[in-house]
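In: Generate coordinates for the sequence data below:
(one chain, ligands or ions: 1)
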Amino acid sequence: MTSSADFLDDFLTFTLADQRPDATSGTTASGVRWTWQGEGVLLLEPAQEPTHSVLVSAGIHGDETAPIEMLSSLVADIARGRAALAARVLVVLGNIGAMRAGDRYLDDDLNRLFSGRHARFEQSREAPRAGELERAALEFFAAAAHPKWHIDMHTAIRASVFEQFALLPHTGAPLARAMFDWLRDARLQAVLLHREKGNTFTHFTAQEAGALACTLELGKVRPFGQNDLARFAASDAALRRLIAGEANAEHAPLRVFTVVAQIDKQSEHFVLNVASDVPNFTAFAAGTELARDGEYRYRVSHDEERIVFPNPKVKPGLRAGLMVVDTTESTLASLD
Ligand SMILES: [Zn+2]
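Out: The predicted structure is shown next:
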């Protein structure tokens, strides 16, 4: 062990302070091999042959502090031998510039710039980071011949009928029971299934590297240092079991929702007919007009649809809300 590994005790503070380690790789007293791959990107490898690979990211949105703190604590525990490591783990703190500023992003939402979309945003301060994280993820997963996972941790600004929920990217690949079991272990209350390709980090790793990838929305947050991390204990424990290669036989119930429509903001005339602070997964009955924009109307066409991520303030051309329906029974019955 070298003294240069001390930064692992507080990877968050080290990263926010724009520091560099004395050496870019080393081995801790507990036998964990670490490689600092660049700002906010850290590879951790167990002493023994790894059984799987897990990319864990937080701070893709800079103001979503609690999962960032949770991940930094996990790094310290792995380095000190307090958290068991059976997997190769790539730790990613995403939008560091925005983290320093305490903002969601500086110029553009980093989680809309993956799968090459960053090339169309040359002036954006987020664009180079999206490219860096794509390369780091591909390099990490290219060296993995075993199960590949990507857990991308976020927090929501708005209230939600289901406080903690996950989103799974759509790649056309069958849904994996292992992922649903893990989401239940993490006590997520709901999972949202996308039906179209996206530009999120998890979509990129699922599509390009075949990772079992999920985006977690873990509830509301406060500024750094003011979070009650107990509220994130279940996902923290499940993440620790995942990297330790342990399974939990206890599985909490999980509701499944599938995206059936997207409300798009087409112009500045766009009007969303729901309160700006309506909780995620609020249900609306068939026939309800939820949005209008010139000639365009969005009306609920299923018996019941729920709205997720409503935001009338996005730039024209962007998504102003997702509509989902409950598919719990059919989805769980379809798993292998
Ligand atoms: Zn987020």
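In: can you point me to the longest strand in this protein?
Out: When the chain is scanned for its longest strand (criterion: DSSP state E), the result is strand 255-264.
In: Would you indicate which residues of that one are buried?
Out: Buried residues in strand 255-264, counting neighbours by 16 or more other CB atoms under 10 Å, are found at 255, 256, 257, 258, 259, 260, 261, 263, 264. Placement of C-beta: from N, CA and C, glycine included.
In: what's the closest of the residues you listed to residue 144?
Out: residue 256 (27.9 Å; CB to CB).
In: Can you tell me the closest non-neighbouring residue to residue 140?
Out: Distances taken as CB to CB, 6 or more residues apart in numbering put residue 90 closest to residue 140, at 4.4 Å, once the chain neighbours are dropped.
In: Now do residue 2, the pLDDT please.
Out: Residue 2 carries a pLDDT value of 45.
In: Now the residue nearest in space to the middle of the chain: phi and psi?
Out: Geometric centre of the chain, nearest residue: residue 152, 2.5 Å, by CA atoms, centre = their mean. Backbone torsions of residue 152, given as degrees, to the nearest 10, read phi -110, psi 110.
In: neighbouring strands for the longest strand of the chain, and are they parallel or not?
Out: strand 190-193 (parallel), strand 319-326 (antiparallel) (DSSP bridges).
In: before we move on, the earlier item: so the residue nearest to the centre of the chain makes contact with residue 204?
Out: No - look at residue 152 against residue 204 with CB atoms under 8 Å: they stay out of range, at 10.0 Å.
In: coming back round to it: mind giving me TSV with the strands paired with strand 255-264 and columns for mean neighbour count, distance to the ion and mean pLDDT?
Out: As requested, the strands paired with strand 255-264 are exported to TSV (neighbours: other CB atoms under 10 Å; distance: least, CB to the ion, whole Å; pLDDT from 0 to 100):
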stretch	mean neighbour count	distance to the ion	mean pLDDT
strand 190-193	22	14	97
strand 319-326	21	14	95
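In: right, so of those, which gets closest to residue 55?
Out: strand 190-193 (19.0 Å).
In: so what does the next helix or strand after that closest one touch, helix or strand wise?
Out: The helix or strand immediately downstream of strand 190-193 is helix 201-209, counting by DSSP states H and E. Judged by 3 or more CB pairs under 8 Å, 6 or more residues apart in numbering; DSSP states H and E, helix 201-209 is in contact with helix 127-142, strand 148-154, strand 212-217.
In: If we use 10 Å, what do you get?
Out: Where contact means 3 or more CB pairs under 10 Å, 6 or more residues apart in numbering; DSSP states H and E, helix 201-209 is packed against strand 53-58, helix 127-142, strand 148-154, strand 165-168, strand 212-217.
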